[in-house]
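Novice: attaching a predicted model along with its sequence, questions to come.
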Amino acid sequence: MNGNGFVCQSGEAVDTDFSGFSVPLEHSFEVDDVPRFSLRGVLQFRGGREHGVYLAQNQLSEKDRNTLKDVAAVDGLYRIRVPRVSLQADRQTERQAEGYLTTFVRACSLVESHLSDVITLHTDVSGCVVGVSIVTIPGSCRGIEVEDEVDLEVFNTTISVVAPVTAPVPETAPYIERMEQEMEKKGKNPQEQKSFFAKYWYLILGGAVFLMATSSAQTPPGGAREQS
Amino acid sequence: MAWLVVRLAISVSLLYTASAVFEDQVGKFDWRQQFIGKVRFALFDTHSQASKKLLVATDKNVFASLNSRTGDLFWRHVDKIGPEGHIDALLMYGQDAVVVTGNGRLLRSWETTVGGLKWETVLDTGRLFMLFCVNIRINWCIKLTVSTFDHSFQAAALVGVQDFVKYVAVLKKSAISLHDLSSGSQIWVENLPDSDTVQYQTIYSGGNGLVFVFGVVPNSHIVIVEYKIEDGEIMRKKSVEAAWMSSLESSCTVISSGILLCVDQITQSLYTLQLQSAEQTEIRQIHLQTLDLEVASGFQPVLTSTQPNPAQPPLSEFFLQLSPDHHILLQLKDGLIAPLRDFNPSYLAAFATSGERTVAAVMSPKNDTACSINLFSADTGRRHLDTTIIYHMDPNGGKPNRLYVHAFLKKDDSVGYRVMVQTEDLTLTFLQQPGRVVWVREEALADVVTMEMVDLPFTGTQAELEGEFGKKADGLLPMVLKRLSSQFILLQAWLAHLWKLFYDARKPRSSVKNEVTIDTLSRDEFNLQKMMVMVTASGKLFGIDSKSGTILWKQYLENIQPDSVFKLIVQRTTAHFPHPPQCTLLIKNKDTGLGNLYVFNPIFGKKSQISVPALPRPVLQTLLLPVIDQDYAKVLLLIDDQYKVTAFPSTKNVLQQLQDTASSIFFYLVDSSQGKLSGFRLRKDLSTELIWEVVIPTEVQKIVAIKGKRANEHVHSQGRVMGDRSVLYKYLNPNLLAVITESTDTHQERSFVGIFLIDGVTGRIVHEAVQRKARGPVHFVHSENWMVYVYWNSKFRRNEFSVLELFEGAELYNSTVFSSLDRPHPPQVLQQSYIFPAPISTLEATLTEKGITSRHLLVGLPSGNILSLPKMFLDPRRPEVVSEQSREENLIPYAPEMPIREEWFINYNQTVSRIRGIHTAPSGLESTCLVVAYGLDIYQTRVFPSKQFDVLKDDYDYVLISSVLFGLFFATMISKRLAEVKLLNRAWR
């Protein structure tokens, strides 16, 4: 452990509840493209093993809406950031470690999707948030005009926390089981237990017929000689 | 039985993918070159006159025997990498070579004719002792072992008694042991007195029944211990004041009948000491001034003496090197030192003995490009007549730094000699009189760091024709005339070719040899022959013809730091006639991060005249853009530690293009020490802005590797056709990065390997997986829509393969273009793992021109074999239970174990020692992929993952086909005629 203590931060986390906590979600959209982050909403995590998350967010003000449209017009970026936190219950009391996780989406696609976005928080095995991603649905910029009053007021956000999946290991047990089943099936199959003659009677018969045919074809000349 | 059935089923189902080399194909399109590395010890076999053996031991822990007539290997033994296999000493007597390896751990004797091991002795008695002790009390014992038996190798020498060499003595830090030369059995071992204060460094025996061990207490005194050979009894021990002495090894030697001779730079003196006289306890000082000599300031003088026979005392003549290019031959006679001959200037000097005669060879500069080597008789210093060898220095190579001489007696009893010269760039040149180069070995190639394959240019005439289309039209008539003239040139070339064919046909087959030279280089019909540009760790660049393995050019870059990092970038290919192809090598100092660029033509190896941007700040990342300047060179962006971007080339045109496209140029940086991945976007003024950040806490896991996809990769089909005729579309994200992490916790139950698939533009984590109970080293390949990685399963103690495939699903989001910014839906990820029954050295995937051919994985095994494993076996859709649909799709039923079949070894018995990397390149034929494997050896071949579907077989029966065709043709003609006649006859009737 370094002097900082644990690397995931919960310093700015406001303890609202014994079993849950919350961190700010900040966003920035500027025409000059220099990030100045302001509060967009609050991410509330529920404790427990399955990381439930809920996002309480503010409406966009008149000024923000205009700025966002202006940024979209110059193809600027809409950025968001969250502080680095740990979602593990026993680590929430850990101390400050600087740093944010940032990501972005094109402002125009946010505008054209009428503020419907999907935010995903990715954690590592220990429950630290390692990355955040934002996409809008649809994600394209086609240059469609948007009436701000109706569509750009409220975010329609889907938020989720994704933990790493456990990669599969070679599945030997089911494979061996399957092999055994197949063996059994074969064992039961009467075809396998047929005797040698039962299996190859046609070959033997064919061979016998062939032999007989050849020998009978050779006998007449010999017989003829005997007679003469 | 069940396994057998399944294996049989698999092999039957895969019959068509099984491929192997036929016996008559061996060496047809593949070649291997074996290397040894930088020579540390080289000994000529002087046992018999006709012997061709040259024994070498190298820094790559290789012990080999070379044929001194051809430079080929007779045999080669490759020991373990690292200090365990390090060769400490090489001694030779008669037919036996004695080698000390592993810092004095093993003593081995080799039979030099066939390279067989005669005997081996473990010298590390301390280790044995420790094993014995562990059973009793661990702590106590290990302590004991470390303090008492701290063996580290110091010196070894052959010991002779009465003109006959019988023993070998090995000196370690605290003990000396004597071994029998014929059996290796230990005669005796003795601890050295006061070994904790005295540094024992060298050993000497003059054949009089005694072994002398020299030790030094720095800046205080020399200790000389005399051992009796029979039983190791200490006969005498004396210490002599020597306050000026810091180390024996570099400045002392024994000459004449037991006289220790030392040289010191500070006092500018020689010192002599009689070893066996009891009276002399004081060292005698001889000022160099009295001999009119002076050591160059800052240069550590070097003494070289020679002991032709280990059973007899050394000669009284010796070389003293006073400065890098000044040697002097001196002689000790009646206690007086007298100069025999002064060699100023001279680069290198060496003694050699043949029979009873000892000679000295001295290399002196002749002019700027050549050196002359002359032979002098050792006892008089007189020059032998007609013994000059002229050594021409390679203008693109380094300076000579080692000289090995092989002297022999000619029929008229005069001394003849051959020399081997090693240069800074690790070239071994073997010369004989009067300067004929017998052979050259490029040992820098034993350590290839990175390589590229570059297309060869068209021939001059073809290029002329090509160039015609590139030029602006200047009227109809001139165009027609030009066309006619170039066609005429082509006709001429063709006729010349025909004539040559005819001319060659009359000569015997063996004398017709298509020598590849730099002038005859041209692209073949199917672009199978390419130029391999190889960068070696010593800073030497090579251009090698991929068809024959001939080195076509070489260039030594001087002043390269030993562990620099190299990155080779092809900026312009050969496709842009008349602009020459252009490669750029970024050389980066590992410690400071400062880099510089070396721009060259990859076909001819010439340094380009283009001005290179200065890089005053450490370079973090390079990025080759598809943007090209007006000369068709791709633009290279270099990002420094202040996130400023330097463009190369940086013409106005390029800067304009960069400004226009800046908002769509993204790059990423990785700081593995902080676990931080960050994305940047280029601004119009070539500064950058941070746009995303992902931080993987280093307390839990550390980033070990990161890989994108290869830029020249083509994917032919966008999806896979399923059994029910629907299409499963691949997730083909060109910006996807595969990041591999390893856990910091190495406990076998808790260790894991992490796999992150991150979009390099948006920083979005596309997929994140954890392989539990796994450990590195991880090898992986990232290509198309899949990624394959190999790890060590620490629970089951085996290697495992895992494959990840990404699919978009049954529908494509946007089928025309892929944009990382507009692909909101995460891909479906399928994964499956398999057991691989062998360890792995390296992993690579085949690559073809259009990506139609099925892919194979090339697995480099530590045994030196390269396994070509069909990707089909690594398919996460392999079903557990076979169904109608999976059979329709040609999926192999899942089996947990990956087969290794001998016929999949693409290099049959041509194993590549210590394989470190595999490079694949597409050829002009879709079916064919060029493969180069490098390590200690270099192996080049072609692979055909889907067999040669676009090439007629070698044994294709042209005669039969054409005779059938002609036969049919004539038959129709004749029958037509007959039919006509018949019709006519019928009409007459």
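Specialist: Alright, I've got the coordinates. Note that the structure is predicted; figures quoted are calculated from it, not measured. Numbering: from 1, shown residues only, chains lettered A, B, ... in the order given.

Novice: quick check: mean pLDDT of stretch A:166-176?
Specialist: For stretch A:166-176, mean pLDDT is 90.

Novice: now the end-to-end length of that stretch.
Specialist: By CA to CA, to the nearest Å, the extent of stretch A:166-176 from end to end equals 23 Å.

Novice: pick out the residue nearest the middle of chain B.
Specialist: Most central in chain B under CA atoms, centre = their mean is B:Asp447, positioned 2.5 Å from the mean C-alpha point.

Novice: distance check, it against chain A.
Specialist: Separation of B:Asp447 from chain A (CB to the nearest CB, to the nearest Å): 35 Å. Where you see a C-beta, it was placed from the backbone N, CA and C, and this is true even at glycine.

Novice: that residue is in contact with B:Thr536, isn't it?
Specialist: Yes. Contact criterion CB atoms under 8 Å: B:Asp447 and B:Thr536 qualify, at 5.4 Å.

Novice: distance-wise, check the nearest residue in space to the residue nearest to the centre of chain B that is not next to it in sequence relative to chain A.
Specialist: Distances taken as CB to CB, 6 or more residues apart in numbering or on different chains put B:Ala537 closest to B:Asp447, at 4.1 Å, once the chain neighbours are dropped. Using CB to the nearest CB, B:Ala537 is found at 35 Å from chain A.

Novice: and the pLDDT at B:Ala537?
Specialist: According to the prediction, B:Ala537 has pLDDT 91.

Novice: any idea how far the residue positioned nearest the centre of chain A is from chain B?
Specialist: With distances taken as CA atoms, centre = their mean, A:Val165 lies nearest the centre of chain A, 7.9 Å away. A:Val165 is 5 Å from chain B, where distance means CB to the nearest CB.

Novice: test my guess that that residue contacts B:Arg772.
Specialist: No. Judged on CB under 8 Å, A:Val165 makes no contact with B:Arg772 at a distance of 11.0 Å.

Novice: excluding chain neighbours, what is closest to B:Leu930?
Specialist: B:Ala921 (4.6 Å).

Novice: typed the wrong thing, it's B:Asn907
Specialist: Counting by CB to CB, 6+ apart, the residue nearest B:Asn907 is B:Ile866, at 5.0 Å.

Novice: so the single nearest residue of the stretch 301-450 of chain B relative to chain A is in which element?
Specialist: Using CB to the nearest CB, the closest approach of the stretch 301-450 of chain B to chain A is made by B:Thr450 at 30.5 Å. Here B:Thr450 sits within strand B:448-455, counting by DSSP states H and E.

Novice: looks like B:Leu594 contacts B:Lys588 (just checking).
Specialist: Yes. At 7.2 Å, B:Leu594 and B:Lys588 qualify as touching, with contact defined as CB under 8 Å.

Novice: any common contacting residues for the two?
Specialist: By CB atoms under 8 Å, 6 or more residues apart in numbering or on different chains, B:Leu594 and B:Lys588 have these common neighbours: B:618-619.

Novice: more neighbours: the two, which one.
Specialist: Shown here are B:Leu594 and B:Lys588; by other CB atoms under 10 Å in any protein chain shown, B:Lys588 has more neighbours (20 against 15).

Novice: who does the more buried one bridge with?
Specialist: For B:Lys588, the beta-bridge partners are B:Val565, B:Gly595 (DSSP bridges).

Novice: remind me which residues of chain A are low pLDDT?
Specialist: Across chain A, the ranges flagged by pLDDT under 70 are A:1-20, A:47-51, A:88-97, A:147-150, A:189-194, A:217-228.

Novice: for it, which segments count as helices?
Specialist: Counting by DSSP state H, one finds helices in chain A at the ranges A:62-73, A:107-112, A:148-151, A:172-188, A:190-193, A:196-227.
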